[in-house]
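> Everything below, folded, please.
(4 chains)
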4 protein chains.
Amino acid sequence: MSRTSDDIRKHLKVRRQKQRAILAMRWRCAQGGLEFEQLDTFYGAIRPYLCVAQFFGIMPLSNIWSRDPQDVKFKVRSIGLAVTGLFLLLGGIKTLVGAKILFTAGLNAKNMVGLVFLIVGMVNWLNFVGFARSWSHIMLPWSSVDILMLFPPYKRGKRSLRSKVNVLAFSVAILAVGDQMLYYASGYCSYSMHILQCHTNHSQITFELYLEKEFSDIMSIMPFNIFSMCYGFWLNGAFTFLWNFMDIFIVMTSTGLAQRFQQFAARVGALEGRHVPEALWYDIRRDHIRLCELASLVEASMSNIVFVSCANNVYVICNQALAIFTKLRHPINYVYFWYSLIFLLARTSLVFMTASKIHDASLLPLRSLYLVPSDGWNQEVQRFADQLTSEFVGLSGYRLFCLTRKSLFGMLATLVTYELMLLQMDAAWMDGCIT
Amino acid sequence: MSRTSDDIRKHLKVRRQKQRAILAMRWRCAQGGLEFEQLDTFYGAIRPYLCVAQFFGIMPLSNIWSRDPQDVKFKVRSIGLAVTGLFLLLGGIKTLVGAKILFTAGLNAKNMVGLVFLIVGMVNWLNFVGFARSWSHIMLPWSSVDILMLFPPYKRGKRSLRSKVNVLAFSVAILAVGDQMLYYASGYCSYSMHILQCHTNHSQITFELYLEKEFSDIMSIMPFNIFSMCYGFWLNGAFTFLWNFMDIFIVMTSTGLAQRFQQFAARVGALEGRHVPEALWYDIRRDHIRLCELASLVEASMSNIVFVSCANNVYVICNQALAIFTKLRHPINYVYFWYSLIFLLARTSLVFMTASKIHDASLLPLRSLYLVPSDGWNQEVQRFADQLTSEFVGLSGYRLFCLTRKSLFGMLATLVTYELMLLQMDAAWMDGCIT
Amino acid sequence: MSRTSDDIRKHLKVRRQKQRAILAMRWRCAQGGLEFEQLDTFYGAIRPYLCVAQFFGIMPLSNIWSRDPQDVKFKVRSIGLAVTGLFLLLGGIKTLVGAKILFTAGLNAKNMVGLVFLIVGMVNWLNFVGFARSWSHIMLPWSSVDILMLFPPYKRGKRSLRSKVNVLAFSVAILAVGDQMLYYASGYCSYSMHILQCHTNHSQITFELYLEKEFSDIMSIMPFNIFSMCYGFWLNGAFTFLWNFMDIFIVMTSTGLAQRFQQFAARVGALEGRHVPEALWYDIRRDHIRLCELASLVEASMSNIVFVSCANNVYVICNQALAIFTKLRHPINYVYFWYSLIFLLARTSLVFMTASKIHDASLLPLRSLYLVPSDGWNQEVQRFADQLTSEFVGLSGYRLFCLTRKSLFGMLATLVTYELMLLQMDAAWMDGCIT
Amino acid sequence: MSRTSDDIRKHLKVRRQKQRAILAMRWRCAQGGLEFEQLDTFYGAIRPYLCVAQFFGIMPLSNIWSRDPQDVKFKVRSIGLAVTGLFLLLGGIKTLVGAKILFTAGLNAKNMVGLVFLIVGMVNWLNFVGFARSWSHIMLPWSSVDILMLFPPYKRGKRSLRSKVNVLAFSVAILAVGDQMLYYASGYCSYSMHILQCHTNHSQITFELYLEKEFSDIMSIMPFNIFSMCYGFWLNGAFTFLWNFMDIFIVMTSTGLAQRFQQFAARVGALEGRHVPEALWYDIRRDHIRLCELASLVEASMSNIVFVSCANNVYVICNQALAIFTKLRHPINYVYFWYSLIFLLARTSLVFMTASKIHDASLLPLRSLYLVPSDGWNQEVQRFADQLTSEFVGLSGYRLFCLTRKSLFGMLATLVTYELMLLQMDAAWMDGCIT
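Sure, this is the predicted structure:
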């Protein structure tokens, strides 16, 4: 009997030591440094992308290279903000020149697209500056939740957050580069064919001449040379990067949140059918409240980015859909058109689907609660169940719409109805033309 | 030990005195007079606007200058109602003359707008008379809620209700004046250019001649002189004032209600994590029921105003949207068109957003309830939580639709779909015209 | 003290006598006869209308003149069903003749309306036969609920069910007669003007000749004389009566159900703030379940009538809306067109609004439950509250849609969007025609 | 007294024997074999249809003839998959040939239908292969649920699952065969009339020549003889079979699930008003969880089939609706057009209605819970009631939309609105053509 009590004492000692080790590790991690760097935190996963974004003036944060999220802050006097300011200035000039050209030519539904693209870009830069300002208020609680959930009793997911984020980002990036290259190829092809047919005496069709036409808005205020050409490429690229980054950023953030909710659900699931003291349920409920608070903090801060992203994507899709039965001249035009339309639809769906995972994951523990045995059911579990069913967790655009599967379906259904109407009008028109 | 009990006795005495003072203050406030005047009540905030509205015969209440809401009543034999009757008579004549002109010329979708504007104005005057009749039934409970919530344990908001209401009202008022001035400027400009092009021998283009055309419906039954011109301006102004007042009134009322719900949420929030006796939860729940009853009383009384306001705004926006790609002649026309469209959209969104704040604020205490400690959770808290989730609090148009963010989004989405269809038809038409 | 106990004994005796009297009264009422006749039951309220409907072969029930609902049954061998068969035969012939005329002339969206009107009429006769078959299964529980709720502790409503139903039915009936008369007047006027303009030598324009044209489908298989004219009038009238009766019937049934739910809410409301034993809550909850079961029984039996009514009304409204900017020739045509459109809209709205009252009334007790004092709150009240929030009570069309205010709004919004599109197309077309 | 105790002992013994018999029977059933075969399981009901499907390469499962669901597995090296591969190859060639013909002729909204039909067919074959892979993971829990619910305390439904499934499948099959025959008849008739009118010298119009034209895509890569004709028929038939099978399969699965939920509701209903120990409620709740888990397993596995089925049906209906007012030449064309449109609508509605029965049936026990007596109400019942109200049970298409009556209504309403727009445009167009 004394042996058994010894065993128990030993067991308890080991357990205490383990808990102390976890606490110590957590403490060191919370201090930042190497230990924190090695953890699979959201900050660690997103940092490389933020660094790249700095080159395009997106989300100007100082000390972005630091491994400790506490060092990364928004500062008014920083290089990042200066770069952003430069982009805003140059982009603003480009936008104004573009607007002037359009207004003199007469604005209509078709040529408006380019201008909208530029304006949305400008708004996005400002939105990301706004988000950068609240960055430290978001990252600190998020990192503390991360530290909490990367140690027992929470289990890490099968695939690390870092790898998930990387796979998503790289896939979108590669497709986006393909899109951009097809854009230039399609444009150059159209241009050269146009020249060949109209001006037969034009001896040379070079890529430079195409670029001169493509960047005509910039060339109207700058001489045409290799520098201005690069400048044109660079600015165009920045806008395109921003457009894609906006969506990828929402996808990455959603993945980060969804991962934590899934881990949480896994923990609750591990208690299925076991007798759990009320105090543990209380702890679990506390963690859930912390997660929900983090999610609603992120939701509030990202509302404008989500709103602009969705509105813009829907607008561009509708615009592309307009042209779906237009006769195009060259196969490369067709390839570009369909590639770009499908890429857009896929990216928009990806945004909605990853964001909807947050909500789906937040509801997962409910099933486990159904399996709590009769004598283990108490007030805390009841409150937990009520909590799970009464709140919406997820991203939204100013709470005007939520990023859920239902919203995606509503959007797609409207799009299809709209497209069907267009087809019908097209058919009616063609009938009229033939008769 | 006797010292401590002395301390306690002293403390209790101080507390009792404080409570007695608050009660006395409340009592005096409830009696009206200077004390009440100095409180940040809804009545105090809205009174100046009601006084201005009297000049246009809107919401005819007697004793509107009184500081005590109990004196302000709807009386059949009052100056206010006489003014309203005058406006209804003159507006009715204007409407009939306008209708006669339209029906002889042939009614169609475009010229109907002016007539609808007049009819909606007439309906609104009657709606406000109806609201004035139930004014005293609303203001007395509202003022008592106000008196209740302007003393501890409730804390006043950071910004006073009065300042909030003033900022909102003044912003809308200034923008509305700008809209009205642009309307005349745009009209005069169109008129003068039209004269210049058509009748070259017409030596003089004066603002009077423009007004003669503008107020042609009035001039058809009155001689043209400075008096009738002023009369025209005044009547036009009254209709425009009424149109804007309708929206501002909803905004002010929503702000008033939302403020109280926010204060209520702040009080519940202050109890977060503390041990609260069941009796206190009972008091809180009682206050919540009082607030909800006030909200549903206001909702029922304002249903018709909300319905007409929203229906009218949507109608006018759709009508403006029709003309979005019409070629306009002068820059001033463009400026007026876009200014007026954006002003309308902003005003409508403001109505929905402020009204949705009531509902949002009414849900805020739920979060705090999650944080109630396990041993502080009792039947009263459970009932409070159930109450919060099971009821909709907010304004609605005959409960056909509620003023929420979701409704606003639905409206905007329909508008955008509609606009996209129009654009497409426009493009198809232009294509047809060119070929 | 003995006195007091005597008082109590007396009091209890009086109460017992009262209860016994109520029970006896209920028993006698349940036996039918004069006592039942004098009660304000739904059966008593609707009986006169059912008798009138017999003349048009709608809802063939035998013993409809009996005062006891237990006598009224559907019988296959009855005069009622024979009348219905006659109407089905004659209506079927009319429909077939109409269909034949249409198919030879070519079916299109415009001339289809008349045929749809006839087919819907035929379907309705059959629907009402189906409803008549389940009549006794509905009326017996309904009458028992009526008997239950017309005695204390339930209080009768301010206005009797009978008067409510009569007011609604008479208003609709008068408006419907006006509609029908305007139809003939408008048709005759158009006809006579048409004759005057085309065939100047046509010396006589009589109402008989107009009717010959109006009833051309009947005249094609019958000689033209006073008898066939009356026959035409009578058959036309039967279809029109049926169309209106369908809507009025839904309105009356809804009113009947809503009245009971309102009484129920009033009873619960009377207990506000009082200490109520758990057993009484149990009784109340039982009554609520009975009411809900009655409501869902009625809902299931009326699904097809509701579905056809709503579908038909929406179809006819859309069709009328098509013609909203068509140029009509005579003032009488305009009057008829607008009268009939507004009458239709009002009737459809009336159907939705009265039906939505059932749901609204079923939620009313919730407010009273909030005010139950802390120590009076028990399991039964909790279950009652859960029951109130978790179920939908009301009429629906095969549960595809429910008759609520939200549905009405959805329908109106779709209608308005549709109408706006039409207006726009109309305008575009006119622009095209002018240029 | 000893007698009574004897009676009790006897009674208990009989009961124990009964239970043991049931357990033994269950055990033997679970072992498969004859006893299992005789049970009214879902596997037994659907097996004949799966066997037929094997001939068309749909859902390749090995050992499909076995009576034991444990033997039926997906194997990569099996005859079933080889058949599927063959169909995929031949169908793929047909699709490519069809696509090539279309792209050279110019793709538009009208001729796209045929290609979409083929592509959807290919996608479906792959979807069913995917479903076959998860077949054994679904069938084993389903069969165990079936075995559980085919013995007391569960009662069998009035009509066996087998007969229900057979009636549904045979009705759809007969209508589908009629549809297919009308298709060929209508096509042949059009073809022969076309030949008669255009090429008068064409002496012979044979069915073979029509088939040569009908299967022109196959004939372009094969010589025309009786073998290739049969081949054409067979491949066409396979695609049509697949299209119908997809819908029937959803209907059958829904019926299977709904039946179990109805049995479950019947069991709970049998306890109405009786005193039930908490342990029994626990058992009932466990069974409900098992049923819900089965339903969500099926839902997840069938998501892609449901999605493709609904999307395709809606697309084809919209396409048919386009042609609703096109003038067709022959009565047989009209008959085919309307028959096929109504068949499609009916099939789609059938899919939604049977699938919605699952959800409806899952909510049925709620009513019974309301009638649980006060002293029989305990935690388990409370949890059961919460569980019933908080979850959606049913089929869905990737959870983008659920197969409910509301969704069906939404779809129908959109369809009708769309059709109305088309009618209007048609009318406007015709007006334009006439003037």
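
> A strand includes residue A:70, no?
No: using DSSP: H, G, I helix; E, B strand; the rest coil, the secondary structure at residue A:70 is coil, not a strand.

> what number of residues lie near it?
15 (other Cβ atoms under 10 Å in any protein chain shown). Every residue, glycine included, has its C-beta placed from N, CA and C.

> That one contacts residue A:140, doesn't it?
Yes: shown here, residue A:70 and residue A:140 form a contact pair, counting by Cβ atoms under 8 Å, at 6.7 Å.

> what's the nearest residue to residue A:354 if we skip its chain neighbours?
residue A:254 (4.2 Å; Cβ to Cβ, 6 or more residues apart in numbering or on different chains).

> Closest to the mean position in chain A, which residue would that be?
residue A:250 (2.1 Å; Cα atoms, centre = their mean).

> ok, the closest residue in space to residue A:375 that isn't next to it in sequence to chain B distance?
Leaving out its chain neighbours, the residue that sits closest to residue A:375 by Cβ to Cβ, 6+ apart is residue A:275, at 7.5 Å. According to Cβ to the nearest Cβ, to the nearest Å, residue A:275 and chain B sit 17 Å apart.

> Kindly report the residues of the stretch 1-150 of chain A close to chain C.
By Cβ under 8 Å from any Cβ of the partner chain, no residue of the stretch 1-150 of chain A approaches chain C.

> Tell me where the stretch 1-150 of chain A is predicted with low confidence.
A:1-4, A:21, A:23-36, A:106-109 (pLDDT under 70).

> what's around residue A:197, how many residues?
That count, for residue A:197 with other Cβ under 10 Å as the rule, works out to 9.

> Just the buried residues of whichever helix or strand it is part of, please?
Per DSSP states H and E: residue A:197 is located in helix A:161-198. Within helix A:161-198, the residues that count as buried by 16 or more other Cβ atoms under 10 Å in any protein chain shown are A:161-162, A:164-165, A:168-169, A:172-173, A:175-176, A:179-180, A:182-184, A:186-192, A:195.

> Show me what it is packed up against.
helix A:42-54, helix A:207-214, helix A:226-270, helix A:331-363 (3 or more Cβ pairs under 8 Å, 6 or more residues apart in numbering or on different chains; DSSP states H and E).

> hang on, the earlier thing: nearest spatial neighbour of the residue nearest to the centre of chain A, skipping sequence neighbours?
residue A:351 (5.3 Å).

> And for residue A:71?
Per Cβ to Cβ, 6+ apart, closest to residue A:71 is residue A:63, 4.3 Å.

> Likewise for residue A:266?
Closest to residue A:266 by Cβ to Cβ, 6+ apart is residue A:155, at 5.9 Å.

> follow-up on the earlier one: need the three-state assignment for the residue nearest to residue A:375.
Once three-state DSSP is applied, residue A:275 turns out coil.

> didn't it look like it was pressed against residue A:376?
Yes: here residue A:275 reaches residue A:376: they are 5.0 Å apart, a contact under Cβ under 8 Å.

> Those two: which is more packed in?
A side-by-side neighbour count of residue A:275 and residue A:376, using other Cβ under 10 Å, places residue A:376 first with 16 against 9.

> got a pLDDT number for residue A:359?
pLDDT, residue A:359: 92.

> neighbours of the residue lying closest to it once chain neighbours are set aside, just the number please.
Excluding the flanking residues, the one nearest residue A:359 by Cβ to Cβ, 6+ apart is residue A:394, at 4.1 Å. Residues contacting residue A:394 under the criterion other Cβ under 10 Å number 25.

> pretty sure residue A:394 contacts residue A:296?
No: look at residue A:394 against residue A:296 with Cβ under 8 Å: they stay out of range, at 9.5 Å.

> what residue ranges in the stretch 301-435 of chain A are flagged as low confidence?
In the stretch 301-435 of chain A, residues with pLDDT under 70: A:324-327, A:424-435.

> The nearest residue in space to residue A:169 that is not next to it in sequence: how many residues sit nearby?
Spatial nearest neighbour of residue A:169, excluding adjacent residues (Cβ to Cβ, 6+ apart): residue A:248 at 5.5 Å. Per other Cβ under 10 Å, the neighbour tally for residue A:248 reads 24.

> Kindly report the same for residue A:247.
23.

> what do you get for residue A:74?
20.

> Repeat that for the one 3 residues further on.
For residue A:77, the neighbour count with other Cβ under 10 Å is 7.

> Residue A:392 now?
Neighbour number of residue A:392 under other Cβ under 10 Å is 15.

> In what element of secondary structure is it found?
Applying DSSP H and E, one finds residue A:392 in no helix or strand.

> can you tell me how far it sits from chain B?
Counting by Cβ to the nearest Cβ - residue A:392 and chain B are separated by 11 Å.

> Residue A:221 in helix, strand or coil?
coil.

> Which residue, neighbours along the chain excluded, lies closest to residue A:407?
Residue A:407 sits nearest to residue A:401 (Cβ to Cβ, 6+ apart), 5.4 Å away.

> Make sure that neighbour is actually in contact with residue A:311.
No: applying Cβ under 8 Å as the test, residue A:401 and residue A:311 come out as separate, 9.9 Å apart.
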